[in-house]
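J.: Sequence first, then the predicted structure, then my questions.
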Amino acid sequence: MEKNISELTRKTARVKTVRLFLDYDGTLANFAPSPDIILPDVKVISLLERLVVAEGILPAVISGRRLAHIKNLLPVAGLLMGGTYGIEMQLPDGTEHTTLPFESVRPLLEKLLPRWQALIDQRKGFYLEDKGWSLAIHGRFADPHESRLLMAEAYAEAQNLPPGDDFRLMSGDRFLELAPKAASKKTAITRVIEALTPTDALCISIGDDDKDEEAFGALPSKRGFAVRVSSEPVESRAQYRLAGPDQVHAFLDDLLTARNA
């Protein structure tokens, strides 16, 4: 059963440190018309700037977008940012690192790229996103039936390579992505909690899709809470739900206010 989000706000006011894990698209901001369109939101940037400098709050944005996009969307000094589900990361001090060599990933993607491109050519509503570390087909603006058929074809094309044990196919609503298994929000969150988070911190993860649901499983059992972003009730391991980015902003504003009270 979903709990009232004000309960979580009160919890954050009673602890020394809050570690925040935030998705970007669908959570901090509405979806852009295309994944390669960069539309920085002044309101979101200002909110993250306030979170970064707030005492006892450690924000991290971990997104399926490539890191370069997140850096352009959120030019916020001191913000921990993860791209491609955390496979590439920029630490608060500005240093960057990746979890595996780029050259170990790219050859397979180069083989798949023309095959997936051929599938979507001349078909409306589809978009092939090359993230460098992964490839994703988006069909959010396509006919639902046609999208299901195309995703099945794309899945078969990827399996025919075959991708091997180091990669995985991630599917969603009119969406398919081939990425290294290391590209995992759950893995990224675990790493940040273990290496960059005080042991007594209260951890909160906020996200809107199945990749975030997977990540919710990385939260500490007694000091971790998940918030699913969805306009309607959905099956989720999260204890709380917010309807969309506007409610996420309001919750984060309330969190800041409660800790300053």
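T.: Alright, I've got the coordinates. These figures come from a predicted structure and were not determined experimentally.
J.: switch to C-alpha atoms for all contacts and neighbour counts from now on
T.: Fine.
J.: From the contact counts, what lies against the least confident helix or strand in the chain by mean pLDDT?
T.: Counting by mean pLDDT, DSSP states H and E, the chain has its least confident helix or strand at strand 167-172, which shows a mean of 93. Judged by 3 or more CA pairs under 8 Å, 6 or more residues apart in numbering; DSSP states H and E, the packing partners of strand 167-172 are strand 175-180.
J.: contact partners of the strand it packs on?
T.: Among residues not part of strand 175-180, those counted as contacts by CA atoms under 8 Å, 6 or more residues apart in numbering are 105, 133-140, 151, 154-155, 158, 166-171.
J.: Just the buried residues of those residues.
T.: Buried subset of the contacts of strand 175-180 (neighbour count, 16 or more other CA atoms under 10 Å): 105, 133-140, 151, 154-155, 158, 167-169, 171.
J.: Mark which of the residues you listed are part of strands, please.
T.: Among the buried ones among the contacts of strand 175-180, the members falling in strands (DSSP state E) are 135-138, 167-169, 171.
J.: Quickly check these for the two that are furthest apart.
T.: Within those, 138 and 167 form the most distant pair, 18.9 Å apart (CA to CA).
J.: tell me what whatever helix or strand residue 225 lives in is packed against?
T.: Following DSSP states H and E, one finds residue 225 within strand 224-229. Packing partners of strand 224-229 (3+ CA pairs under 8 Å, 6+ apart): strand 202-207, helix 210-216, strand 240-242.
J.: between the ones you listed, which gets nearest to residue 116?
T.: For residue 116, the closest of those is helix 210-216, at 22.0 Å, according to CA to CA.
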